[in-house]
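1. Sequence plus the predicted model coming up.
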Amino acid sequence: MGVPARQRFTFDEYLLLEEIADVKHEFLEGEVWAMAGGSPEHAAIIGNVTTLLNVQLRGQRCRVHSTELRVRVKATGLGTYPDVTVICGRLERDPDDRTGHTAINPRVVVEVLSPSTEAYDRGEKLTHYQLIPGLEEVVLVAHDRSEIEIVRREASGTWSRHVAALGQTARLTSIACDLAVDEVYRDPLAG
């Protein structure tokens, strides 16, 4: 008996799947993968980052979005849900998404790493993100230590890396915000 052929999807078929699915999926080159669910600690760190950014961006022209906002990398077709997305100015919707639920112009994306996704987030996914024209910073928040890495597009178009550890602050220059590492990791399960 042969191996069944893998089903390939168009972007429209992927969007239809997302409308009825119980879990979120990533889309790339006709393939669809269920995204890993996060731990309570993962969710708490996302909440802390979202809160810190919302407070600093209040009254500004940038808006913080949760993992509910899908982002598409037009250059590669990747459709994914960053843990946190910051969009400045008008949210530009992917014209290929008839639902209007996919943004194509993030200024900053944040990924809280997990054991099952860290290699992908730091490697292939980061490479995709770096092809978004207006994206200026990718924030990688470690899961196994108190450390935040910012991958920043410089004026020359090259990318640089900046790491902040416990007791330090990670500066997001593109949106003039600070993420105090102590605050990002503060009491992830307190309550």
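-> Perfect, thanks for sending it.
2. which stretches of the protein form strands?
-> Using DSSP state E, the strands assigned to the chain run over residues 25-28, 31-34, 62-65, 70-72, 79-80, 84-88, 102-103, 108-112, 137-141, 147-153, 159-165, 169-172, 177-180.
3. Using CSV, lay out these together with distance to residue 18.
-> Placement of C-beta: from N, CA and C, glycine included. Shown next, in CSV, are these (distance: least, Cβ to Cβ, whole Å):
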stretch, distance to residue 18
strand 25-28, 6
strand 31-34, 9
strand 62-65, 16
strand 70-72, 8
strand 79-80, 8
strand 84-88, 16
strand 102-103, 9
strand 108-112, 19
strand 137-141, 23
strand 147-153, 27
strand 159-165, 30
strand 169-172, 29
strand 177-180, 30
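4. any chance of those strands in CSV, with mean neighbour count too?
-> Formatted as CSV, the strands of the chain follow (neighbours: other Cβ atoms under 10 Å):
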stretch, mean neighbour count
strand 25-28, 19
strand 31-34, 14
strand 62-65, 19
strand 70-72, 23
strand 79-80, 22
strand 84-88, 23
strand 102-103, 22
strand 108-112, 25
strand 137-141, 24
strand 147-153, 20
strand 159-165, 13
strand 169-172, 18
strand 177-180, 18
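5. So for stretch 172-184, first residue to last residue, what's the gap.
-> 14 Å (Cα to Cα, to the nearest Å).
6. can you start the count at 27 instead of 1 from here on
-> From this message on, residue numbering opens at 27, which makes the last subject stretch 198-210.
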